[in-house]
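Chemist: here you go, sequence then predicted model.
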Amino acid sequence: MTNGLTRSQQALVHEARMARERAYAPYSGFKVGAAVRTASGKTYRGANVENVSYGLSMCAERVAIFNAVAAGDPAIVEIAVVTDADPPSPPCGACRQVLFEFGRDAGVVLGNLDGEAIATNIHELFPHPFQRD
């Protein structure tokens, strides 16, 4: 349950839950919402957007991160991801790699529609990222 989360984390989970309502997932039926908080304190949302050609689909996590980057606010400090999975579902490998690029020390909160939430971080989810330095 979200009781163990900080108020800031709870607010981010709420934003991700709201973003999930905008997901376009007619093929998988797996709707995902994400929200990132940047070092500036701003929050950016993202929802997954599928395409009949699955390779052209985009995950909610990357949409939220790319929204922040496109706004000129690329320093991600925390992300919340909300699905209807039990237990809450972590980001895919591609999203973990992108999150590491823009939030090397980012906190991660995984939530679901039942109110379950798991607080972790990018290093626990992605201990061996591809990096050039």
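Modeler: Yes, it's here. Numbers count the residues shown, from 1 in each chain.
Chemist: confirm residue 11 sits in a helix?
Modeler: Yes - Residue 11: assigned to a helix according to DSSP: H, G, I helix; E, B strand; the rest coil.
Chemist: how about the nearest residue to it, chain neighbours excluded?
Modeler: In this structure, residue 11 finds its nearest non-sequential neighbour in residue 43, 7.9 Å apart by CB to CB, 6 or more residues apart in numbering. Where C-beta positions appear, they are placed from N, C-alpha and C, glycine not excepted.
Chemist: residue 15 now?
Modeler: residue 35 (3.6 Å).
Chemist: report pLDDT for that neighbour.
Modeler: At residue 35, the model reports a pLDDT of 99.
Chemist: could you do residue 45 as well?
Modeler: Reported pLDDT for residue 45: 98.
Chemist: what does residue 132 give?
Modeler: Listed pLDDT for residue 132 reads 86.
Chemist: list the contacts of the one helix or strand residue 123 maps to.
Modeler: Element membership of residue 123, judged by DSSP states H and E, is helix 122-125. Helix 122-125 has contacts (CB atoms under 8 Å, 6 or more residues apart in numbering) with 90-91, 96, 99-100, 103-108.
Chemist: please pick the buried ones from the residues you listed.
Modeler: Among these, those buried by neighbour count (16 or more other CB atoms under 10 Å) are 90-91, 96, 99-100, 103, 106-108.
Chemist: which residues touch residue 112?
Modeler: 82-89.
Chemist: which residues does it form beta bridges with?
Modeler: Here residue 112 sits in beta bridges with residue 83, as judged by DSSP bridges.
Chemist: what's the spacing between residue 11 and residue 78?
Modeler: Taking CB to CB, to the nearest Å as the measure, residue 11 falls 10 Å from residue 78.
Chemist: give me the more crowded residue out of those two.
Modeler: When residue 11 and residue 78 are compared for neighbours, residue 78 comes out ahead with 23 against 15, by other CB atoms under 10 Å.
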